[in-house]
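Asker: Give me coordinates for this.
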Amino acid sequence: MKKKCLECGEPLNGRVDKKFCSDYCRNAYNNKIDKDNKNLVRNINNRLRKNHRLLTELNTTGKTKVSRTRLLDGNFDFNYFTSIYTTKTGNTYYYIYNQGYLHLENDYYLLINKD
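Answerer: Numbering: from 1, shown residues only. This is a model prediction of the structure:
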């Protein structure tokens, strides 16, 4: 019994362990797998990229103080960050790659660059 392509069902010729008849079928098949998960990861990465871009634009000196309103005006999403760092004094910095922020009093944030 001849094996068939997992994508299109065409008979396979060649190697015994061959699964696809062409690169097109292989790519099409793999693009269908975990499509929802790929979309989720893509959307999260897009959100992180936008947050990082905004912090980079606002923090040109390496250390800047901005209001929560200014961050929200730039569509900053506080739910997405890549790491958290808590200092010995109990301050919690949230990082998006190398750009971080610390919540201060009166709805202000200290933006820092970890480079």
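Asker: Only C-alpha atoms from now on, for both contacts and neighbour counts.
Answerer: Will do.
Asker: now the helices for this protein?
Answerer: Ranges of helices in the chain, per DSSP state H, are 23-32, 35-58, 68-73.
Asker: just those: most buried one?
Answerer: Most buried of the helices of the chain by mean neighbour count (mean count of other C-alpha atoms under 10 Å) is helix 35-58; its value is a mean of 15.
Asker: Give the residue spans of this structure that score low on pLDDT.
Answerer: Filtered on pLDDT under 70, the chain yields the residue ranges 1.
Asker: ok, back up a step: adding distance to Lys4 as columns, could you present the helices of the chain in a markdown table?
Answerer: Formatted as a markdown table, these follow (distance: least, C-alpha to C-alpha, whole Å):
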| stretch | distance to Lys4 |
| --- | --- |
| helix 23-32 | 12 |
| helix 35-58 | 23 |
| helix 68-73 | 54 |
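Asker: Which among those is found nearest to Asn113?
Answerer: Smallest distance to Asn113 across the helices of the chain (C-alpha to C-alpha): 8.3 Å, for helix 35-58.
Asker: Mind giving me the packing neighbours of the closest one?
Answerer: strand 92-96, strand 99-103 (3 or more C-alpha pairs under 8 Å, 6 or more residues apart in numbering; DSSP states H and E).
Asker: Direction included, what does the last one pair up with?
Answerer: The sheet places strand 99-103 alongside strand 92-96 (antiparallel), strand 108-113 (antiparallel), with pairing taken from DSSP bridges.
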